[in-house]
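[1] I'd like to go over a predicted model; first the sequence, then the structure.
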Amino acid sequence: MRTLTFFNHAGGVMKSSLTRDVGHTLAQAGLRVLVVDLDPQANLTDWLGVSGVSREQTVYDTAATGAPLPSPVAAHGLHLIPSDVSLALAEGQMMGVVGAHLHLRQALQAVADQYDVVLIDSPPSLGQLSILGALAADHLVVPVPTRQKGMNALAGLSEAMATYRKLRPDLTVALYVPTLYDARRSHDREALAALQGMLRPLASPIPDRGAVWNDSASAGQPVGVYAPGSPVHQDVLRATAEIARAAHLNVQIPGVEA
C-alpha cells in the first residue's frame, strides 16, 4: 500500500479536485483506493456526493486518541473516510497528546492489506490536521497554481517540509503539479517557467478549465463520470499517469501511453 497526501497550506489550489479525480481514475484502472478527507470544510466529501456525515464517520477519534479508522463510505468505486466541520475540534484534542501526529499513519498500517493506494486531502493550513496528513504519507503531491498565490506559498511549503522531516526523514515530494494554468496569460507562462526552474520533479501543467471542474463538484461526481472523454477528463488521465509514475504505482492508465 502506498499513501500519498495532496498537500499545500494555500486554499483553492486543486488539492480536493485532484484527490477525487486521481483516486477515481486509479480505481477505474483496477486499484483498491481509499481516500481520506482531512479538511473540515469537507469539499472532497461533498464533491463525491456524500452528505449527512457524523463525527464518528470522520478521522476525529483516530486523530485525537489513536482509535482505528472508521468504516469507509463507498462512492463512485472508491472507499471514502468523509469529513465534517466537527473534525476541526480534533486539532485541540491532538495538541495535548504525545505522538498524536502519527496516529493516522499507524491506523493506516492496520488496513494496509485492504488497499493498494491511499490518497489524503489535506486542509489548507499548517495546523494539526495538516501535520497528521503529511506524516501519514509515503510521499506528498503538491499542487501549485501558476499564479502569484502559488509562488508566495513556496516559502511556507519549504519551511513546513523541513519541520516534518525532523519526524519523518524519509518523507519526500513525489511530484509538484502546476495547476490552474492559462497559457493565454503572460503571468501564467512566466510563473510556470519559474516553477520549472525551481521545483523537481514537476508535472506538466493542468489547464484552467474551471467550468467542468466546478460543475462536476456541484453534481457530486468525478470528472470521469460527469464528463467522460472531455478535455478536462483527458487532463485528469494525464495527471493521474504522471502521479502514478512518480509514486511508483504499478498501474496503467487507459488512454495514456506508458
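    In hand now; what should we look at? The shown structure was predicted, so the numbers you read here are calculated from the model rather than taken from an experiment. Numbering: from 1, shown residues only.
[2] tell me the buried residues in stretch 96-111?
    Applying a neighbour-count criterion of 16 or more other CB atoms under 10 Å, one finds 100, 101, 102, 103, 104, 105, 107, 108 buried in stretch 96-111. C-beta coordinates here come from the backbone N, C-alpha and C atoms, glycine included.
[3] so residue 34 makes contact with residue 75?
    No - using CB atoms under 8 Å, residue 34 makes no contact with residue 75, being 11.3 Å away.
[4] strands of this structure, start to end?
    Remark: strands assigned in the chain by DSSP state E are 2-6, 33-37, 73-75, 78-81, 117-121, 139-145, 172-179.
[5] between those, which gets nearest to residue 185?
    strand 139-145 (11.9 Å; CB to CB).
[6] neighbouring strands for the closest one, and are they parallel or not?
    If you go by DSSP bridges, strand 139-145 pairs up with strand 2-6 (parallel), strand 172-179 (parallel).
[7] can I get the buried residues of stretch 96-111 in TSV with distance to residue 118?
    Shown next, in TSV, are the buried residues of stretch 96-111 (distance: CB to CB, whole Å):
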residue	distance to residue 118
100	19
101	17
102	15
103	14
104	10
105	10
107	11
108	6
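[8] phi and psi next, for the residue nearest to residue 79 when sequence neighbours are not counted.
    Nearest-residue entry for residue 79: residue 72, 3.8 Å, with adjacent residues in sequence omitted and distances by CB to CB, 6 or more residues apart in numbering. Backbone torsions of residue 72, given as degrees, to the nearest 10, read phi -80, psi 160.
[9] hmm, residue 72 is touching residue 59, no?
    No - between residue 72 and residue 59 there is no contact under CB under 8 Å: 10.7 Å.
[10] show me whatever sits in contact with both of those two.
    Residues touching both residue 72 and residue 59 by CB atoms under 8 Å, 6 or more residues apart in numbering: residue 81.
[11] ok, the two, which is more surrounded?
    Neighbours per residue, other CB atoms under 10 Å: of residue 72 and residue 59, the larger number sits with residue 59, 27 against 18.
[12] on that earlier part again, out of the buried residues of stretch 96-111, list just those in helices.
    Using DSSP state H, the subset of the buried residues of stretch 96-111 located in helices is 103, 104, 105, 107, 108.
[13] how much space between the closest residue to the first one other than its chain neighbours and residue 171?
    The reference is to residue 103. Excluding the flanking residues, the one nearest residue 103 by CB to CB, 6+ apart is residue 66, at 4.5 Å. The gap separating residue 66 from residue 171 is 20 Å, by CB to CB, to the nearest Å.
[14] cool, and residue 218?
    35 Å.
[15] more neighbours, these two?
    Higher neighbour count among residue 218 and residue 171: residue 171, with 17 against 11, using other CB under 10 Å.
[16] so which bits of the helix ranked longest in the chain are buried?
    Taking DSSP H as the criterion, the chain has its longest helix at helix 148-167. For helix 148-167, the buried set under the neighbour-count rule, 16+ other CB under 10 Å, comprises 150, 151, 153, 154, 157, 160, 161, 164.
[17] quick one, that helix and strand 172-179 angle?
    170 degrees (axes from the mean of the first three to the mean of the last three CA atoms, to 10 degrees).
[18] counting contacts, what elements does helix 148-167 pack onto?
    The contact analysis (3 or more CB pairs under 8 Å, 6 or more residues apart in numbering; DSSP states H and E) places helix 148-167 against helix 128-136, strand 139-145, strand 172-179, helix 186-198.
[19] closest to residue 239 out of the ones you listed?
    Short answer: strand 172-179, nearest of the helices and strands packed on helix 148-167 by CB to CB, at 6.5 Å.
[20] residues in contact with that closest one?
    4, 13-14, 18, 139-146, 150, 161, 192, 195, 199-206, 208, 239, 242-243, 246-247.
[21] run the chain-centre distance for that strand.
    11 Å (CA atoms, centre = their mean, to the nearest Å).
[22] same thing with stretch 5-20?
    5 Å.
[23] contacting residues for the closest residue to residue 160 other than its chain neighbours?
    Nearest non-adjacent residue to residue 160, counting by CB to CB, 6+ apart: residue 126, 5.5 Å away. By CB under 8 Å, 6+ apart, the contact list for residue 126 reads 9, 156, 160.
[24] many thanks, we can stop here.
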